[in-house]
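Peer 1: after the sequence you'll find the predicted model.
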Amino acid sequence: MDSLGSRCKIVVVGDTQCGKTALLHVFAKDCYPENYVPTVFENYTASFEIEKHRIELNMWDTSGSSYYDNVRPLAYPDSDAVLVCFDISRPETLDSVIKKWQGETQEFCPNAKVVLVGCKLDMRTDVSTLRELSKQRLIPVTHEQGSTIARQMGAVAYVECTSKVSENSVRDVFHVTTVASVQRPHKPQLKRSSSRRGLKRVSQLPLPPLPGRTEQMDEAPAMRKDRAKSCVLM
């Protein structure tokens, strides 16, 4: 973040097809991508105001393929935050968070705030997904498992979302991430931007707890379509 707090760079990483691009696409373009297109690098931008300062959000989508392991670090310099994503319906992608993504982000952007994001929340209760996982004696990743890994890796927050079902849950992800990136000793007040698109929508959401408190922002035991479950760990 620069001295005026006018820019915030967010890099999104995670295994292939874990939901990274859909997350960004829904937030920035207001629609869910029906067809999967592999990503190498893609940028999204939006802006809003916080404490009378306009924040420009520069979001970097990256490839999770090991083929691009030597190229992906080019996206990390000057990052304010990193979203480490995994697929709730694929437990092995949560394993990758510790085996791969934690080490990579710590090496290339040690000062960036890290938010762990559980994508495809709707798949946690999907019958066909549960059936396939049961054949391997597995279940979808639980909220408790995600929270535990988030604490283990030193993330400032853990957020779950479903890009396909709920735009609100997607907005929560970027709300939590942006506020964590610009957090000051006092509680910031978000204001609506004059922009007609993008991050102005984040300002409509409640602020997360101040640093020093651990609180689950949504304590409902079951997944609700209009909100994501999140845990602020700062």
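Peer 2: Cool, the structure landed. Residues are numbered from 1 along each chain as shown.
Peer 1: I'd like to know how far residue 14 sits from residue 134.
Peer 2: Look at residue 14 and residue 134: by C-beta to C-beta, to the nearest Å, they are 25 Å apart. In short, each C-beta sits where N, CA and C put it, glycine included.
Peer 1: ok, these two, which is more surrounded?
Peer 2: residue 14 (25 against 10; other C-beta atoms under 10 Å).
Peer 1: quick one: least confident helix or strand in this protein?
Peer 2: strand 215-216 (a mean of 36; mean pLDDT, DSSP states H and E).
Peer 1: show me what the lengthiest helix in the chain is packed against.
Peer 2: Longest helix of the chain, by residue count under DSSP state H: helix 167-181. Here helix 167-181 touches strand 7-14, helix 20-29, strand 53-62, strand 81-87, strand 113-119, strand 157-160, strand 230-232, going by 3 or more C-beta pairs under 8 Å, 6 or more residues apart in numbering; DSSP states H and E.
Peer 1: for it, buried residues please.
Peer 2: 167-181 (16 or more other C-beta atoms under 10 Å).
Peer 1: and which of the residues you listed is nearest residue 54?
Peer 2: residue 178 (12.4 Å; C-beta to C-beta).
Peer 1: what is the burial count for residue 7?
Peer 2: With other C-beta under 10 Å as criterion, residue 7 counts 17.
Peer 1: for it, which non-adjacent residue is spatially closest?
Peer 2: Sequence neighbours aside, residue 56 is the residue nearest to residue 7 in space, at 4.9 Å (criterion: C-beta to C-beta, 6 or more residues apart in numbering).
Peer 1: dump the residue contacts of that neighbour.
Peer 2: Residue 56 sits next to 6-8, 45-47 when contact means C-beta atoms under 8 Å, 6 or more residues apart in numbering.
Peer 1: so how many other residues sit close to residue 44?
Peer 2: 18.
Peer 1: show me the shaky parts of this structure.
Peer 2: Within the chain, the stretches with pLDDT under 70 are 1-5, 30-41, 48-51, 184-230, 232-234.
Peer 1: now with 80?
Peer 2: 1-6, 28-41, 46-54, 166-167, 182-234 (pLDDT under 80).
Peer 1: coming back round to it: hey, which of the helices and strands packed on helix 167-181 is tucked in deepest?
Peer 2: Stretch with highest mean neighbour count among the helices and strands packed on helix 167-181: strand 113-119 (a mean of 29; mean count of other C-beta atoms under 10 Å).
Peer 1: which residues sit against the helix or strand following that strand?
Peer 2: Downstream of strand 113-119, the next assigned helix or strand under DSSP states H and E is helix 127-135. For helix 127-135, contacts defined as C-beta under 8 Å, 6+ apart pick out 89, 91, 123, 139-140.
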